[in-house]
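# sequence and computational prediction follow.
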Amino acid sequence: MSLLLRRNSSQLRLLQRLGAATTAEVRRFVSRDSDNDSNNVTAAQSSTTTANTAGTTAGNKLQSTKRLNNLSAVADTDIKKSVFISQSHDIFTNLALEDWLYKNFDFGNHHVLLLWANDPCVVIGRHQNPFTEANVSRLMERGITLARRNSGGGAVYHDRGNLNCTFFTPRERYNRKYNLNIVTRALFREWAIKSEINERDDIVIKNKKISGTAAKLGRPNAYHHCTILASANKLHLGESLVKEPANYISRATASVPSPIRNLVDVNRNVNVPQLLSAVGYEYLRTAAMALEDGGSTQLMKQRGFQLVNPTERWFPGIEELRASYSSWDWVIGKTPKFSVEKELELKGDNSGMKLKLSVDVEAGLMSKIAIQLPQSDQMVPVVTPLQGKAYNEQNLNGIIDALKMVSTSNVQQAMNGSI
Amino acid sequence: MVFITKLARVVGAQTARQLLSKPQSMTASSQWRSFHVSCLLNAERRYTDKHEWVELLESNKAVVGISSYAQEALGDVVFAQLPEPGTELKQDDECGALESVKAASEVYSPVSGKVTEKNAQVEDSPALVNTSCYEKGWLFKVDLKNPDEFQKLMTEEQYKTFLSSSADH
């Protein structure tokens, strides 16, 4: 914060005003910037209720759909930019804030960069399987939150040493390369750190990844977000992103594991607050569609930094979004169906006889539990009260423990019985 | 899984036979897939400005997919999330997502109606959307609630004009 303020005294006044006028801010968020280039003061003077605000939001959405056809006609100079800094470090709240902006905001004449950092958590892609991406039970033990975001891509570990940047634009102006270049230019301007953008749209320094990317494309809006590792806990990162020991058969999007690097190991002066301001300033001083540096002239045309407080009062409906992001139905229930196979050794005359346990999981629940003998292709269903229960390591071990009591002859009998 | 795929094919074959209303030899039936139907009927394909296509199977049944332009823009599709049969959709509802390289793109329903079938083959091999977006890569089938919606969509000609006029972005 102090860094932000030191740079530009006019920004300081803006931030102070923001702190004072929270309800006015809600209105400002939904106001259309093309028509209304007003500053906070005018917005603060006109009083509106929250209910009205929600109505305006819906109205704006309609307008923005209509305006889609003319989007290409919008000139670069007509687009203002803002940097929003989330005051929350809760992953579910920040995902809800991101989603709220994606669903409700009109980016037609106003591009937004949202900057946020979270307490320790693992965030998986929309179509990923948490059990193949992370050690779910280990996360629980360590107090690391598991979350599922709405964009594509792979699993990432977040903590307060990692900065997240979400670049919002209308779908037509979604441009990953532009956004990533903002980040690499910021790193160079601030610390003379040289980084590259690779073919997977990761930002790498000497072949080690410092930033991962994902995106959500909808209508009328799209966003691209990326992580930047400044000083994340590499031990926790490594331990969190290891799957549980079992053989998973899944069609879910798989992550591409890459060696990572913290920026602080490249330049020991790097820290998250300074990184945040560097990326924010680089974004504001660059033209909206072309990667052209406009220096402080461009900077002064923008709407600047705004601290946002992701609460129901500022963003009506955000609590509901947060509830949905943090629900079991979303985090685990949205897992694409998969099967787990595990080899078990049985008690019996032939020592070393192996049995294959196979569990089908649909919507996070164990829908089919079966075992297979090595000599046979036939799957024998296992009757257990755990069927239909949530899949997790504990329940899987519950089944395995129960099966340990079974001897080979039991299985043979069961098979004969079922034929 | 194999079982489900086979089942889908059989259902597709049955639909095909019903629609053509002439007997097919059983030996050929395993070769039949629903996408052939539309080819044989020579049905017209209509497009939306969001690059989805709709093709009529009967007066009130339609099949939905994404256009070649859309699949090219997406890149290699690695995951397809499709609407479940029975889902009631309104026109322009978000009804699924296609994930390509790190990006999840929402799929919007071009028409209102009830989903009757989703393409299980696309769920199993999402690359079909890239390799065969008008045939094997169809996404879902709907019972149309309002057939007028279909008539209002762009024809092939109009869509081509639309693409060339918006080619600059």
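Looks like it came in fine.
# any regions of the chain where pLDDT drops low?
By default, I'm working from chain A. A:1-72, A:346-353, A:406-419 (pLDDT under 70).
# I was after chain B.
For chain B (pLDDT under 70), the answer is B:1-43, B:167-169.
# helices of that one, start to end?
B:2-20, B:26-29, B:34-41, B:68-74, B:120-124, B:128-131, B:147-152, B:156-165 (DSSP state H).
# which bits of the stretch 51-200 of chain A sit near chain B?
Contact residues, the stretch 51-200 of chain A versus chain B (C-beta under 8 Å from any C-beta of the partner chain): A:71-72, A:125-127, A:150-154, A:172-173, A:200. For the C-beta atoms, the positions are set from N, CA and C on the backbone; glycine is no exception.
# helices along the stretch 301-419 of chain A, start to end?
With DSSP state H, counting those that start in this stretch as the criterion, the stretch 301-419 of chain A has helices at A:318-325, A:328-331, A:393-404, A:408-418.
# check whether the shortest one comes near chain B.
So that's helix A:328-331. No. Helix A:328-331 stays clear of chain B (C-beta under 8 Å from any C-beta), getting no nearer than 13.5 Å.
# I'd like to know which elements that helix is packed against.
With contacts defined as 3 or more C-beta pairs under 8 Å, 6 or more residues apart in numbering or on different chains; DSSP states H and E, the packing partners of helix A:328-331 are strand A:145-148.
# same check, this time on the longest one
The elements that helix A:393-404 packs onto, with contact taken as 3+ C-beta pairs under 8 Å, 6+ apart, are helix A:136-142, strand A:338-345, strand A:354-362, strand A:365-372.
# make JSON lines from these and add mean neighbour count and distance to residue A:84 to it.
Below are the helices and strands packed on helix A:393-404 laid out as JSON lines (neighbours: other C-beta atoms under 10 Å in any protein chain shown; distance: least, C-beta to C-beta, whole Å):
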{"stretch": "helix A:136-142", "mean neighbour count": "15", "distance to residue A:84": "28"}
{"stretch": "strand A:338-345", "mean neighbour count": "16", "distance to residue A:84": "37"}
{"stretch": "strand A:354-362", "mean neighbour count": "18", "distance to residue A:84": "38"}
{"stretch": "strand A:365-372", "mean neighbour count": "18", "distance to residue A:84": "38"}
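# among the ones you listed, which comes closest to residue B:150?
Nearest to residue B:150 among the helices and strands packed on helix A:393-404 is strand A:354-362 (33.6 Å), distances taken as C-beta to C-beta.
# pairing partners for the closest one, with directions?
strand A:338-345 (antiparallel), strand A:365-372 (antiparallel) (DSSP bridges).
# any idea how far residue B:103 is from the residue nearest to the spatial centre of chain A?
What sits nearest the mean C-alpha location of chain A, by C-alpha atoms, centre = their mean, is residue A:149, with 4.3 Å. Between residue A:149 and residue B:103 the distance is 12 Å, computed by C-beta to C-beta, to the nearest Å.
# just the buried residues from the residues of the stretch 51-200 of chain A next to chain B, in ChimeraX please.
Typed into ChimeraX, the line below selects the buried ones among these, using 16 or more other C-beta atoms under 10 Å in any protein chain shown:
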select /A:71,125,126,127,150,151,152,153,154,172,173
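# run a quick neighbour tally on residue A:381.
By other C-beta atoms under 10 Å in any protein chain shown, the residues close to residue A:381 number 12.
# so what sits against both of residue A:149 and residue B:103?
Jointly contacting residue A:149 and residue B:103 under the rule C-beta atoms under 8 Å, 6 or more residues apart in numbering or on different chains are residue A:214.
# for chain B, what lies in contact range of chain A?
Contact residues (C-beta under 8 Å from any C-beta) of chain B with chain A: B:50, B:78-79, B:81, B:94, B:97, B:99-106, B:108, B:123-124, B:166, B:168-169.
# filter these down to the buried ones and express that as a ChimeraX selection.
ChimeraX command restricting those to the buried ones, with burial defined by 16+ other C-beta under 10 Å:
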select /B:50,78,79,81,97,99,100,101,102,103,104,105,106,108,123
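# residue contacts, the nearest residue to residue A:362 once chain neighbours are set aside?
Nearest residue to residue A:362, sequence neighbours excluded (C-beta to C-beta, 6 or more residues apart in numbering or on different chains): residue A:337, at 4.4 Å. By C-beta under 8 Å, 6+ apart, the contact set of residue A:337 is A:250-251, A:360-363, A:367.
# which residues touch stretch A:319-335?
For stretch A:319-335, the surrounding residues in contact (C-beta under 8 Å, 6+ apart) are A:92-93, A:95-96, A:99-100, A:126, A:128-131, A:146-148, A:252, A:312, A:361, A:363-364, A:390-391.
# also stretch A:175-187?
Residues outside stretch A:175-187 that contact it (C-beta under 8 Å, 6+ apart) are A:113, A:165, A:167, A:169, A:193-197, A:201, A:203, A:211, A:213, A:215, A:224, A:226, A:228, A:263, A:275, A:278-279, A:281-283, A:286, A:289, A:291, A:293.
# and that stretch, how far from the chain's centre?
18 Å (C-alpha atoms, centre = their mean, to the nearest Å).
# got it, and stretch B:46-57?
For stretch B:46-57, the distance to the chain centre is 8 Å (C-alpha atoms, centre = their mean).
# buried ones in it?
Residues of stretch B:46-57 classed as buried by neighbour count (16+ other C-beta under 10 Å): B:46-48, B:50-57.
# what about the strands in the stretch 51-200 of chain A?
With DSSP state E, counting those that start in this stretch as the criterion, the stretch 51-200 of chain A has strands at A:80-86, A:110-116, A:121-124, A:145-148, A:156-158, A:162-170, A:196-197.
# by contact count, what packs against the shortest one?
Packed against strand A:196-197 by the contact rule (3+ C-beta pairs under 8 Å, 6+ apart) you find helix A:176-191, strand A:203-205.
# same deal with the fourth one?
Packing partners of strand A:145-148 (3+ C-beta pairs under 8 Å, 6+ apart): helix A:91-104, strand A:121-124, helix A:136-142, helix A:328-331.
# what is the second one packed up against?
Just to be clear, that refers to strand A:121-124. Using 3+ C-beta pairs under 8 Å, 6+ apart: strand A:121-124 touches helix A:91-104, helix A:130-133, strand A:145-148, strand A:156-158.
# quick one: strands adjacent to the last one?
Looking at strand A:156-158 with DSSP bridges, its paired strands and their directions are strand A:121-124 (antiparallel).
# put the alpha carbons of the strand it pairs with into PDB.
Output of strand A:121-124 as PDB, limited to C-alpha atoms (Å, rounded to 0.1, in the frame of the first residue of the first chain):
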ATOM      1  CA  CYS A 121      -5.000 -23.200  -1.100                       C
ATOM      2  CA  VAL A 122      -4.900 -25.500  -4.100                       C
ATOM      3  CA  VAL A 123      -7.000 -24.300  -7.100                       C
ATOM      4  CA  ILE A 124      -7.900 -26.800  -9.800                       C
END
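# list the buried residues in it.
In strand A:121-124, counting by 16+ other C-beta under 10 Å, buried: A:121-124.
# let me know the closest of those to chain B.
Using C-beta to the nearest C-beta, residue A:124 comes nearest to chain B of the buried residues of strand A:121-124, at 12.3 Å.
# ok, and the closest non-adjacent residue to that closest one?
Excluding the flanking residues, the one nearest residue A:124 by C-beta to C-beta, 6+ apart is residue A:155, at 4.5 Å.
# tell me the contacts of the closest residue to chain B within the stretch 301-419 of chain A?
The stretch 301-419 of chain A approaches chain B most closely through residue A:336 (7.4 Å), counting by C-beta to the nearest C-beta. By C-beta under 8 Å, 6+ apart, residue A:336 lies in contact with A:127, A:129, A:250-252, B:79, B:81.
# many thanks, I have nothing further to ask.
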